[in-house]
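J.: Kindly generate the corresponding structure for this input.
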Amino acid sequence: MLQPESDESYEVIWDTIPYPAFVISKSNIIVTANSAAETYCLSSIRHIKNKPVANYLGANSIILNSVDQARNTLVSVTLYNVEVFWLNKSSSTHDVISAPMNSSDENVLLLFHPHGMSKKMNRSLTHRSAARSVTGMAAMLAHEIRNPLAGISGAAQLLESSVSLDDKELLEIVKTEVNRVESLIDRFQTFGDLTPIKQEPVNIHDILSQAKRAAGAGFAQKIEIVENYDPSLPLVKGDPDLLLQVVQNLLKNAAEAVPVASGQIIIETGFKQGVKLNIGNFAKENLPLQFSIIDNGPGVPEQIKEDLYDPFVSSKSTGSGLGLSLVSKIISDHGGVVEYSRVNERSIFSVLMPVWAE
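T.: You can find the predicted model right below:
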C-alpha cells in the first residue's frame, strides 16, 4: 500500500483541493483551512484560524447543523444547492459536505463545492444548444413567410390608391403589421447564421462605453448608469459589432426593468480566475474576463429562470423572447457563457469570456 512520505505530502494534497475546505473542531472552531478557503474568504488562514465558524456563517446556519450531525453520527452529510452567507462576502450557491475526519477524532471536514457555478455553466451550454436548435426553423421561416408577406405588402400598396379614407387607415394597419413581422423574422433569422465570427482583439471597455453613450441618449435617458471598471483588464477576443449588440440588448432589458423614479444600472468589469469551460477532446477554455450589467429592478420571475435563454421565453407581455436567446448564442459563439443571478435586491447578468491570445 502506498504511504505518503511525510506530513508534507498531506499538506500538498490539502492545498491541491480546488474547493474551500475547513477543519472544524468539536467546539466548532476553525482548526485550519486550505488555500482555496483563503481565496474564498478573502482572508489569510492565520486570520480565520482558531475563530468560531459561527462568526462567519451565523449562529443559526444550517451548515453548522450539518457539521454537528456529521460529528454525532460519524456519517458524511451533504447539503445541496445551499446559499452560503459568509461574513463580508456576497452570498454564493454551493453543495456543502460535512464529513467526520475519523471515528476517534471529533474534528469535521467542511467542504464547499461550487456546484452553483457548474450548474449555471451547464445551463448556459444547454441554452446554446437550444438557440442553435432553431437554426433550421429560422431558414424555413425566412423562406416560407417572407414570400406571402411580400405579396400582402404589394397588394396593400396597390389598393392604397383606390380605397376610401377609412379603408386607408385599415391598410396602414396591414402595412405596419407586415413590417413588424418582417422585423421579427430578421431577428429570428440571426439564429440561422452559422458563419464563424471574426476574431480580433477587442477592448471591452470601449464596447461598454459606446453602448452606455447610446443608451444614455436613447432608452435610458432618465436612468442613472454607473461604470465600475477594472482598468487592468486584458483584451478580449471577438467581434466588436456582435459584442456591442449583446451589451445593448442587456442594457435595454435592464432599462425596461428598473423603477421609473429611482432606476439605476451598474456596468461592471473584472478578472475572475479559475473559471474554465470544457470544449471537448479534454481541452478547456479559460474564461477569466467578466463584464456584468446590474440593475435594481424586480428580477426575473421564478417560473422562467430555468428557461431564461430559450427562444420565445419572456417576462414582458410585448416581448418576442428572442433577445436573451440571441445574447446566449452570440456569447457561446465567442466561446463564453452568460449567467443570471440575484444578489442584494439586484439582478446581475454576467458574461464570462476568454482573453485575446496571439
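J.: What residues sit buried inside stretch 22-38?
T.: Using 16 or more other CB atoms under 10 Å as the test for burial, stretch 22-38 gives 22-25, 28-30, 32-34, 36-38. Backbone N, C-alpha and C define where each C-beta goes, glycine included.
J.: mean confidence score for that stretch?
T.: The average of the pLDDT scores along stretch 22-38 is 91.
J.: for stretch 263-270, same thing?
T.: pLDDT averaged over stretch 263-270 gives 94.
J.: any idea how this structure splits into domains?
T.: Domain ranges of the chain: 7-113, 136-192, 195-353, per automatic domain parsing.
J.: rank the ones you listed by pLDDT, which is bottom?
T.: Among the domains of the chain, domain 136-192 carries the lowest mean pLDDT (a mean of 73).
J.: Relative to the whole chain's centre, how far out is that domain?
T.: Domain 136-192 sits 36 Å away from the centroid of its parent chain (CA atoms, centre = their mean, to the nearest Å).
J.: Stretch 89-107 too?
T.: 27 Å.
J.: Can you give me the end-to-end span of that stretch?
T.: Terminal residues of stretch 89-107 lie 26 Å apart, using CA to CA, to the nearest Å.
J.: Buried residues, it. List them.
T.: Under the neighbour-count criterion of 16+ other CB under 10 Å, stretch 89-107 has 92-101, 107 buried.
J.: between these, which is closest to Arg46?
T.: Nearest to Arg46 among the buried residues of stretch 89-107 is Asn107, at 19.0 Å by CB to CB.
J.: so that closest one makes contact with Ser25?
T.: Yes: counting by CB atoms under 8 Å, Ser25 is a contact partner of Asn107 at 5.8 Å.
J.: okay, and the common contacts of these two?
T.: Counting by CB atoms under 8 Å, 6 or more residues apart in numbering, the common neighbours of Asn107 and Ser25 are Val31.
J.: quick one: the residue of the chain positioned farthest from its centre from Lys168, how far?
T.: No residue in the chain sits farther from the centre than Ser162, which is 54.7 Å out by CA atoms, centre = their mean. Ser162 is 10 Å from Lys168, where distance means CB to CB, to the nearest Å.
J.: With Val31 instead?
T.: According to CB to CB, Val31 and Lys168 sit 83 Å apart.
J.: A strand includes the residue farthest from the centre of the chain, no?
T.: No: under DSSP: H, G, I helix; E, B strand; the rest coil, Ser162 falls outside any strand and is assigned coil.
J.: show me what contacts it?
T.: Contacts of Ser162 (CB under 8 Å, 6+ apart): none.
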